[in-house]
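Chemist: Let me see the structure of the following:
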Amino acid sequence: MIGQRMRDALNDQIMHETFSAYLYVSMAAYFHDAGLDGMAQWMKAQAQEELGHALRFFNHINERGGRIELQAIERPKSTWNSPLDAFNAALDHEKFITGRIDELAKIADEENDRAAGIMLQWFVTEQVEEEDSVAKVINALQLVGEKGPGPLMLDRELGQRSASPFPPTYQAGEEDAGG
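Modeler: Below you'll find the predicted structure:
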């Protein structure tokens, strides 16, 4: 049985992960409007991953006899000054989510909740990958600049990203099969 403090914190995280997906869909719309369909595809794949993350938390609460309590999701921003600005916003958001995961891990430790701690370890590792992935795009955007063929070539490359299987599955002790 999951404790109330952990359950409440994980329910809150479902909202944050779902908002993340909503934010990335908004960014995808921004990129489509800008004619950058590859960057839009990258963001849509990211959105799918975030929904998968929300479902991991959902499943964990459910499997441990906890009540799922969905929360309202705020409206995400819909415009950015440039592709670089949008990806910088994505990195800032991933850093926020990393902080949330760290807080959840702290709660798991304080509550002596081994099951949550094991599940959260996957997210600790995932957040390192998430921040690195966005940082690499930022670096590439900074290298190619905002004018000329460089951004279009990068757009084409980013469009090759496909989403992980949805929804992802998680069994304690399994390695992640993607995303």
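
Chemist: show me what contacts the residue most central in space within the chain?
Modeler: Using Cα atoms, centre = their mean, the residue of the chain that lies closest to the mean C-alpha position is Glu50, 4.1 Å off. The neighbours of Glu50, taking Cβ atoms under 8 Å, 6 or more residues apart in numbering as the test, are Glu17, Thr18, Ser20, Ala21, Tyr24. From N, CA and C alone the C-beta is placed, and that goes for glycine too.

Chemist: SS state for it?
Modeler: On the three-state scheme (DSSP: H, G, I helix; E, B strand; the rest coil), Glu50 is labelled helix.

Chemist: Distance check, it against Asn112.
Modeler: 29 Å (Cβ to Cβ, to the nearest Å).

Chemist: low-scoring stretches of this structure, by residue?
Modeler: Under the criterion of pLDDT under 70, the regions of the chain flagged as low confidence span 164-179.

Chemist: so where do the helices sit in it?
Modeler: Counting by DSSP state H, the segments of the chain that form helices are 4-33, 37-63, 83-110, 114-144, 149-158.

Chemist: Serialize those to TSV and add fields for distance to Glu69.
Modeler: Written out in TSV, the entries for these read as follows (distance: least, Cβ to Cβ, whole Å):
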stretch	distance to Glu69
helix 4-33	5
helix 37-63	9
helix 83-110	16
helix 114-144	17
helix 149-158	36
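
Chemist: Pick the most buried one from those helices.
Modeler: Counting by mean count of other Cβ atoms under 10 Å, helix 37-63 has the highest mean neighbour count of the helices of the chain, with a mean of 21.

Chemist: How far does it sit from its chain's centre?
Modeler: What separates the centre of helix 37-63 from the centre of its chain is 6 Å, taken as Cα atoms, centre = their mean, to the nearest Å.

Chemist: what's the answer for stretch 104-118, then?
Modeler: Computed by Cα atoms, centre = their mean, the separation of stretch 104-118 from the middle of its chain amounts to 21 Å.

Chemist: Can you give the contact residues for that stretch?
Modeler: Outside stretch 104-118, the residues within contact range by Cβ under 8 Å, 6+ apart are 2-3, 5-6, 9-10, 13, 60, 64, 120-121, 123-124, 172-173.

Chemist: what residues are up against the closest residue to Ala89 other than its chain neighbours?
Modeler: The shortest distance from Ala89 to any non-neighbouring residue, by Cβ to Cβ, 6 or more residues apart in numbering, is to Trp80 (6.3 Å). When contacts are counted by Cβ under 8 Å, 6+ apart, Trp80 touches Met27, Tyr30, Ala86, Ala89.

Chemist: Just put the contacts of Glu50 in a markdown table and tack on distance to Ala116.
Modeler: Supplementary listing: the contacts of Glu50 in a markdown table, determined by distance: Cβ to Cβ, whole Å:
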| residue | distance to Ala116 |
| --- | --- |
| Glu17 | 15 |
| Thr18 | 19 |
| Ser20 | 20 |
| Ala21 | 22 |
| Tyr24 | 26 |
